[in-house]
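> Coordinates for the following, if possible.
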Amino acid sequence: MQPENIQCTLPAGNSEPDRASKRVMTVISCGASKREDLDEDQTVPAKDLYTSAAHGCKQKFALHSDGYYIASAKFGLVSANKELPWYDKTLKEMPDSEVAKWATDVAEDLRQVVEAYNYDAVIVIGGRDYVMPLKPLFHTIPADILTPWQTDEEVTGIGKGMKWCNTSSNWPSNVDRIKDIADIVSPKE
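Predicted coordinates for the structure are as follows:
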């Protein structure tokens with residue numbers, strides 16, 4: 001896999017090890033609601049394929065990171081700008097063995113992207129179906145991993161998660177320390 005970096009400008013920050021000015025990557029889960037206006041052979045950037053309000057909120061958060069990627073049930077880890085066709089696949093519908101393979105592949109791709117672009121932290125935003133299969137593999141990724149929708153008591157349920165994503169004080173570009181975004185569930189060694 002050749003990782004594709006999506007850059008957002010972050011303000012200059014303090015050089016403390018836990019400052020958010022460190023390189024932060026956000027991975028958001030894909031969504032079941034997708035554009036219906038695509039022809040069979042037509043593609044769009046992944047960030048433009050998903051249409052739910054929840055996806056829009058997650059994307060709004062991700063745009064305030066140094067890197068923005070999507071965990072797709074069909075295509076694995078993809079850059080937000082990668083061209084994708086319409087598809088109909090979710091992890092909920094996949095057998096456990098296929099979900100396990102998906103998680104292994106996504107974790108390996110995450111490791112490669114983190115190493116290639118020197119990310120210090122990865123924020124994974126998505127439902128349990130997408131985060132929990134990855135959790136046992138977080139230790140293989142050389143970055144601090146944050147899963148705010150699973151670990152923050154104030155961000156339980158889709159409504160609270162959407163509110164959290166829309167709150168600018170949570171955005172990586174607006175915090176002083178990475179750990180101010182959410183609990184670090186898997187610290188890099």
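> Please pull up the helix or strand immediately following the longest helix anywhere in the chain.
For the chain, the helix reaching the highest residue count under DSSP state H is reported as helix 96-117. Using DSSP states H and E, the next helix or strand after helix 96-117 towards the C-terminus is strand 121-125.
> Identify the residues contacting the helix or strand following that next one?
Going down the chain from strand 121-125, the next helix or strand is helix 128-131, by DSSP H and E. Helix 128-131 has contacts (C-beta atoms under 8 Å, 6 or more residues apart in numbering) with 29-30, 71, 90-92, 124, 147, 149-150. Where C-beta positions appear, they are placed from N, C-alpha and C, glycine not excepted.
> hmm, 6 Å instead?
29, 71, 91-92, 124, 147, 150 (C-beta atoms under 6 Å, 6 or more residues apart in numbering).
> hang on, the earlier thing: tell me what the longest helix of the chain is packed against?
strand 76-79 (3 or more C-beta pairs under 6 Å, 6 or more residues apart in numbering; DSSP states H and E).
> Helix, strand, or coil at the residue nearest the centre of the chain?
A centroid search over the chain (C-alpha atoms, centre = their mean) returns Val27, at 1.0 Å, as the residue closest to the centre. Using DSSP: H, G, I helix; E, B strand; the rest coil, the three-state assignment for Val27 comes out as strand.
> Quick check: the gap between it and Ser97.
Distance of Val27 to Ser97, computed by C-beta to C-beta, to the nearest Å: 23 Å.
> Ok, Asp183 next?
30 Å.
> Between these two, tell me which one has more neighbours.
The neighbour count for Asp183 versus Ser97, taken as other C-beta atoms under 10 Å, is higher for Asp183 (11 against 8).
> Enumerate every residue touching Ala121.
Per C-beta under 6 Å, 6+ apart, neighbours of Ala121: 24, 143-144, 178.
> Below-threshold pLDDT in this protein: ranges please.
Within the chain, the stretches with pLDDT under 70 are 1-21, 151-157, 185-189.
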